[in-house]
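Novice: model the structure of this input:
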Amino acid sequence: MLKRLLLVSATLFLVWGCNSSPIKSTHDYDPTINFSGYKTYAFISEHPMIAAGDSVPNPLTEGRLMQAIREQMDAKGFHEVGDPEQANMAIAFTVGARDQVRVDSYPTSYRSGFYGGGGFYGSRGYGGIYGGTETRVRQYTQGQLAVDIFDVATHRPAYHGTASKKITSSDREDPRPVLRAAAAEALGGFPPPAGGQDFVPLR
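Specialist: Predicted coordinates:
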């Protein structure tokens with residue numbers, strides 16, 4: 001039954017978007033769930049990663065993200081168990097990358113040459129300032145991680161967090177730091193405060 005929730009996790013994968021900050025995150029949760037009762041977690045299956053986007057992810061990504069999520073959950077005081085049916089929470093995650101094109105238009109101006117004497121617009125000279133538009137097209141890859149936590153007792157989704165970032169050359173050379181940072185951002189809202197105080201879920 002829990003494995004069927006992988007399909008639910010895939011549908012929760014958010015649309016990619018451009019962001020100006022290094023990592024942009026969103027968090028949402030079910031306010032009817034008592035998160036204070038959660039003590040243990042497990043990954044939803046032996047291979048909890050779902051791939052989405054325009055390219056096939058590096059097969060090493062799954063293990064690296066599992067470790068990054070473990071570090072975050074352990075730091076929050078939760079204990080991992082091997083059998084997801086014996087845990088309070090089951091975790092699945094979705095990763096992907098999508099090629100993006102950004103088109104920016106900028107106003108431009110240039111001053112023509114000035115000839116003759118008499119100073120600016122002098123009697124024997126002429127000149128002017130001409131305006132125009134400069135268009136720049138940039139291609140980049142946007143990556144995203146979505147982490148979904150399910151309530152094992154009810155098989156209901158409990159929490160959904162995402163982290164997205166424009167992939168740089170350094171991210172490709174050594175993806176481990178950005179994967180750890182993405183896991184931290186995606187789980188940054190978990191667990192929600194008791195009763196949901198001071199926590200604004202994604203609308």
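Novice: for Gln72, phi and psi?
Specialist: phi -70, psi -50 (degrees, to the nearest 10).
Novice: repeat that for Phe43.
Specialist: According to degrees, to the nearest 10, Phe43 has phi -70, psi 150.
Novice: the nearest residue to it once chain neighbours are set aside: what secondary structure?
Specialist: Nearest residue to Phe43, sequence neighbours excluded (C-beta to C-beta, 6 or more residues apart in numbering): Ile91, at 5.3 Å. Using the backbone N, CA and C atoms, a C-beta is placed for each residue, glycine as well. Under DSSP: H, G, I helix; E, B strand; the rest coil, Ile91 falls in the strand class.
Novice: go on, Glu71?
Specialist: Going by three-state DSSP: Glu71 is helix.
Novice: low-confidence ranges, the protein, go.
Specialist: 1-21, 53-56, 97-141, 195-203 (pLDDT under 70).
Novice: ok, and for stretch 67-83, which residues are buried?
Specialist: Neighbour-count burial for stretch 67-83, counted by 16 or more other C-beta atoms under 10 Å, picks out 68-70, 72-73, 78.
Novice: for the residue nearest to Phe43, name its beta-bridge partners.
Specialist: Beta bridges link Ile91 to Phe43, Ile149, judged by DSSP bridges.
Novice: report the contact partners of it.
Specialist: 41-44, 48, 69, 73, 147-150 (C-beta atoms under 8 Å, 6 or more residues apart in numbering).
Novice: just the closest of those to Val95, please.
Specialist: Lowest distance from Val95 to the contacts of Ile91 (C-beta to C-beta) belongs to Val147, with 9.9 Å.
Novice: can you tell me how far the closest one sits from Ser169?
Specialist: To Ser169, Val147 is 26 Å away according to C-beta to C-beta, to the nearest Å.
Novice: higher neighbour count, those two?
Specialist: Between Val147 and Ser169, counted using other C-beta atoms under 10 Å, the more crowded position is Val147 (29 against 6).
Novice: would you turn the contacts of Ile91 into CSV with distance to His160?
Specialist: Compiled in CSV, the contacts of Ile91 are given as follows (distance: C-beta to C-beta, whole Å):
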residue, distance to His160
Tyr41, 15
Ala42, 18
Phe43, 16
Ile44, 14
Pro48, 15
Ile69, 14
Met73, 15
Val147, 8
Asp148, 5
Ile149, 8
Phe150, 10
